[in-house]
Structures are given as structure tokens and as C-alpha cells.
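S.K.: Sharing a sequence plus its predicted fold:
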Amino acid sequence: MILQINPVNPQPRHIARVVEILRKDGVIVYPTDTVYGLGCDIASRKALERVRRIKKFDNKRHLSFVFADLKTISLYAQVADKDYKLLKRYLPGAYTFILKATRLVPRIVLTKKQEVGIRIPDNRICQALLAELGNPILSSSVRLPDDQLLDDPREIERIYKGQVDLVIDGGIFLPEPSTIVSLFDGPPSVLREGKGDVTPFLPD
């Protein structure tokens, strides 16, 4: 099933429909400010297990969450004062920050290092979903087996048919992964260069 949502002014009735699916252990594909993501409500263990099966992940690779605001992040990640200032400066934006997870993070999505990737995408559909749901949403980029990112909701719906409950059509855009910055141990360290500018996180 595919649902077209206005990327500038998301229709409240459509957002409510998607959230109802998420609350019933649903798995969706939705737009962020970088790529289309595969996601679910992190409060649903059943949905988290489905995402892991779809993506064929193990606990060596971290999964990221998207959040509505910084206040929510502090419930799921340990944020030092210096890190909070950094997050406040660069989020919302095209970054994934790696932090130490708190006990609220479901064990099924934790790495052995107890890391968690956090994002606040600069995307109105994504923000509307988070506001309506009230929980973070799991985020994992939608890709082909050769690791190519997908940008067309119609193609995504064809490829993932039978695996996900809904694909949100938020338009076609050039997909580019987020820049991953680790704040887990020591000074900021760039783990992957993506859409977000890496300059502020490079050593002097």
C-alpha cells in the first residue's frame, strides 16, 4: 500500500492513518531529509523483529532512531552537557550521532557496545509522524541488495511489497546518507561522510 502525503503541508488525516499502523506493530517506509527509511515504533518489539528480518541485521550493526526533539533524545541516550550543545547546534539536520544508550533502548536493537544512533530529520512528514506517535521511530535506509539507495516511492513499494505495511510517497528526491558522527567515547569522530558537512567535526 502506498500513501501520498504532501511534503510541505502533511495532511493530518494521512498522518493519523500512518500512526495507527505504527501502533499496531506496523512497518513503514517514510521520507527523511536524507533518504527513504524503513521504520517502526521502537516500542513495538514485534515490529523491530520484522525490520531486523527484512534488513538481515545482527547486533554488530547499530540501528538509528529518529526523534521529535532533543528532550526526547535524553530518554534514550546518555547526553553530556558538551554533547547537548553540539546536538542543539546541528539538529534538526542531516546527521546521525552515536551515543551511549540508556536502559529504555530495546535490547533487540542494541549493539554489543550499547550504542544508539540518534537523528532529528529536517523533514515535515517525519516530524508530523513523530509528534502524532509520541515515540521515536526506528530508521534504516531503504536500499537494493547492491547497496544502492532508492528514491522513487513507487519502485520502493514494488520491491518491498509484502514486507512492509505502508510506503509513504513524499516525492522523489536525491537520496544521500546522513553523516555519522560518534560522540560515544572521546571527542567527535566522523564514522561516515554523507550529506551533513563534516568540517566542524574534523581535528584541528
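M.R.: Perfect, I can see it now.
S.K.: Show me the strands in this protein, by range?
M.R.: Ranges of strands in the chain, per DSSP state E, are 2-4, 28-31, 36-39, 64-66, 77-78, 95-101, 115-119, 137-141, 166-169, 179-182, 189-192.
S.K.: How far off centre is the shortest one?
M.R.: Taking the mean of its C-alpha atoms, strand 77-78 sits 16 Å from the chain's own mean (CA atoms, centre = their mean, to the nearest Å).
S.K.: do the same with the last one
M.R.: For strand 189-192, the gap between its own C-alpha mean and the chain's C-alpha mean amounts to 17 Å (CA atoms, centre = their mean).
S.K.: got the buried residues for that strand?
M.R.: Val190 (16 or more other CB atoms under 10 Å). All C-beta atoms are positioned from the backbone trio N, CA, C, and that covers glycine.
S.K.: low pLDDT regions in the chain?
M.R.: Residues of the chain meeting the criterion pLDDT under 70: 57-62, 204.
S.K.: how much space is there between the spatially most central residue of it and Thr96?
M.R.: Central residue of the chain (CA atoms, centre = their mean): Ser139, 2.8 Å from the mean position. Using CB to CB, to the nearest Å, Ser139 is found at 8 Å from Thr96.
S.K.: related to what we said a few turns ago, is it possible to export the strands of the chain to TSV including distance to Leu129?
M.R.: Formatted as TSV, the strands of the chain follow (distance: least, CB to CB, whole Å):
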stretch	distance to Leu129
strand 2-4	12
strand 28-31	7
strand 36-39	9
strand 64-66	9
strand 77-78	20
strand 95-101	18
strand 115-119	13
strand 137-141	7
strand 166-169	8
strand 179-182	22
strand 189-192	25
